[in-house]
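Novice: below: sequence and its predicted model.
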Amino acid sequence: MKTENDKKWAENVLKKIVNKMMWVTPKTGDKIPYKTMDGTYDDRSDESIAWGGGDGINWWTNGFWGGILWQMYRQTKDDMFKNSAIRVEDKLDRCFEEFYGLHHDVGFMWMTSAVYDYKLTGNEVARKRALHAATILAGRFNLNGNFIRAWNENEQPEKNCTGWAIIDCMMNLSILYWASKETKDPRFAAIAKAHANTAQKVFIREDGSSNHIVEFDPNTGKVVKTYGGQGYENGSAWSRGQAWAVYGFTISYEHTKDMSYLETAEKVADYCCANIPESGLIPCDFCQPKEPVWEDSCGAVILASGLLQLAKHAQAKKAELYYEKALCILKAIVESRSDWTENSDAIVTNCTAAYHDKEHHFNMVYADYFFIEAIQKLQGNT
């Protein structure tokens, strides 16, 4: 498990992160980035950047830049990060005003920004934003099938996705658990648990791998079919999806103490650990063919952070395995998949959004968020 050498290594990495963020933050200004274009962050709050007919301000990763800034403020207490984070959070209010285009990922958007803000500063406006987001997420719950609906019709116009749910949503449940604790209202947590119970039954396979997308009949709640989604094919194991499952079920265990969630997190973690390459560099899909060799460093750092979180609750032998695998991944990222120069605003390289996309091996802002989070866990500051 964690040694003083590991802690010192993490402290040195954190110094490099802070040094980079000291110049990236003023350069980025009031942007809300998703990825870099020629090394410079784009801006998803720009209405000209849209996806599926939706407004760019509603892009699902738009909370992570604010989350990075709050991580840096927590680490350094430098008001530059705090002030920038607040400005970004203010810009996201437009999502609530427009309403259309909001989705299941409101947890990602406001757990990383508003909840982080409220926990650090006690900002009541941030609390209200987070409760608003939790209420929207709860409103997407389908009582017939006990699942939270994923996308909206304008995001998948060629498909009727009213009954679609995805493994990613296990991470969004955290804002529902937080809302229940914050308001002392069990409704939010009850919805989170109902979704987690459904995910256990229909997403997680016997071998510990996970489906990405499950389609339900929205009127009866019966499973219609599964889809490969962002992975290689239906029935394969999209690595970032496995990471969402490990981390998401761990979060559900932490909030409920339901042992079945811990067992599910371990089941998926064991599958991942058995398939992590010795190099620590994670493929986009654990079942993908040998060529082309598409990596996903984003899935890698999410998995590392999830394994570190799970290690806090697992029995000693498994905890050691999860910790060592997480450390292996993080060292591989630091040594060969990180850009510490001024050539790129982002740190983590070689991210892949989906196996069959045209673009591979680029930067994604949430990779940096989970990378920083994982390093802070190693350093002991979380």
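Specialist: Nice, thanks for sending it over.

Novice: got any ranges where the stretch 151-300 of the chain has weak pLDDT?
Specialist: Residues of the stretch 151-300 of the chain meeting the criterion pLDDT under 70: 154-159.

Novice: which residue ranges form the strands in it?
Specialist: 164-166, 213-216, 223-227 (DSSP state E, counting those that start in this stretch).

Novice: what sits against V293?
Specialist: P283 (Cβ atoms under 8 Å, 6 or more residues apart in numbering). In short, each C-beta sits where N, CA and C put it, glycine included.

Novice: actually A326, sorry about that
Specialist: 303-305, 307-308, 311, 374.

Novice: same question for D46.
Specialist: So D46 contacts G56 (Cβ under 8 Å, 6+ apart).

Novice: repeat that with 10 Å
Specialist: Residues in contact with D46, defined by Cβ atoms under 10 Å, 6 or more residues apart in numbering, are 31-32, 55-57.

Novice: what's the answer for D38, then?
Specialist: Applying Cβ under 10 Å, 6+ apart, the residues contacting D38 are 343-344.

Novice: how about I302?
Specialist: By Cβ under 10 Å, 6+ apart, the neighbours of I302 are 171, 239-244, 246-247, 282, 296, 329, 366-367, 369-371, 373-374.

Novice: again, 8 Å this time
Specialist: Contacts of I302 by Cβ under 8 Å, 6+ apart are 240, 243-244, 247, 367, 370.

Novice: out of those, which is nearest to T25?
Specialist: A367 (17.3 Å; Cβ to Cβ).

Novice: can you pull out the helices in the stretch 151-300 of the chain?
Specialist: Using DSSP state H, counting those that start in this stretch, the helices of the stretch 151-300 of the chain run over 169-183, 186-202, 239-256, 259-275, 297-311.

Novice: looking at these, which is buried most?
Specialist: Ranked by mean neighbour count, those are led by helix 297-311 with a mean of 28 (mean count of other Cβ atoms under 10 Å).

Novice: just give the closest residue to T76, not the sequence neighbours.
Specialist: Nearest residue to T76 in three dimensions, chain neighbours excluded: V18, at 6.0 Å (Cβ to Cβ, 6 or more residues apart in numbering).

Novice: what's the helix or strand that contains the one you found in contact with?
Specialist: Element membership for V18, per DSSP states H and E: helix 4-28. Helix 4-28 is contacted by residues 40-41, 65, 68-69, 72, 75-76, 80-81, 84, 327, 331, 334, 340, 342, 345, 347, 372, 375-376, 378-381 when judged by Cβ under 8 Å, 6+ apart.

Novice: please apply the same query to stretch 223-232.
Specialist: With Cβ under 8 Å, 6+ apart as the criterion, stretch 223-232 contacts 163, 166, 202, 211-217, 234-238, 240-241, 284-285, 287-289, 353-356.

Novice: please repeat the previous calculation with a cut-off of 7 Å.
Specialist: 163, 166, 202, 211-217, 234, 236-238, 241, 285, 287-288, 353-355 (Cβ atoms under 7 Å, 6 or more residues apart in numbering).

Novice: do stretch 182-192 as well
Specialist: Counting by Cβ under 7 Å, 6+ apart, 131, 134, 138, 141, 173, 176-177, 179-180, 252, 255 sit against stretch 182-192.

Novice: what's the farthest-apart pair in the residues you listed?
Specialist: L131 and S252 (20.0 Å).

Novice: what residues of stretch 315-324 count as buried?
Specialist: By neighbour count on 16 or more other Cβ atoms under 10 Å, the buried set for stretch 315-324 is 318-319, 321-323.

Novice: so which of these is the closest to N152?
Specialist: Y322 (35.6 Å).

Novice: list the buried ones in stretch 335-344?
Specialist: 337-339, 344.

Novice: for stretch 94-104, same thing?
Specialist: Quick answer for stretch 94-104 (16+ other Cβ under 10 Å): 95, 101-104.

Novice: stretch 349-361 too?
Specialist: In stretch 349-361, counting by 16+ other Cβ under 10 Å, buried: 349-355, 360.

Novice: mind listing which of those are in strands?
Specialist: Of the buried residues of stretch 349-361, none are assigned to strands by DSSP state E.

Novice: kindly reformat the contacts of A326 as CSV containing pLDDT and distance to V223.
Specialist: Formatted as CSV, these follow (pLDDT from 0 to 100; distance: Cβ to Cβ, whole Å):
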residue, pLDDT, distance to V223
L303, 98, 26
A304, 98, 31
S305, 98, 30
L307, 98, 29
L308, 98, 33
A311, 98, 33
A374, 98, 34
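
Novice: so can I have JSON lines of those residues showing distance to T25?
Specialist: Formatted as JSON lines, the contacts of A326 follow (distance: Cβ to Cβ, whole Å):
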{"residue": "L303", "distance to T25": "27"}
{"residue": "A304", "distance to T25": "24"}
{"residue": "S305", "distance to T25": "22"}
{"residue": "L307", "distance to T25": "29"}
{"residue": "L308", "distance to T25": "26"}
{"residue": "A311", "distance to T25": "31"}
{"residue": "A374", "distance to T25": "20"}
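
Novice: just the ones of the buried residues of stretch 315-324 in helices?
Specialist: When DSSP state H is applied, the buried residues of stretch 315-324 are split such that 318-319, 321-323 fall in helices.

Novice: show me which pair in those residues is furthest apart.
Specialist: Checking those with Cβ to Cβ, the most distant pair is K318 and Y323, at 9.5 Å.

Novice: A319 touches Q309, doesn't it?
Specialist: No: contact criterion Cβ atoms under 7 Å: A319 and Q309 do not qualify, at 11.0 Å.

Novice: any idea how far E324 lies from K331?
Specialist: Distance, E324 to K331, using Cβ to Cβ, to the nearest Å: 11 Å.

Novice: just C287 next, same as before
Specialist: In terms of Cβ to Cβ, C287 sits 25 Å off from K331.

Novice: also G380?
Specialist: Relative to K331, and taking Cβ to Cβ, G380 is found at 17 Å.

Novice: do the same with A265
Specialist: From A265 to K331 the distance is 23 Å (Cβ to Cβ).
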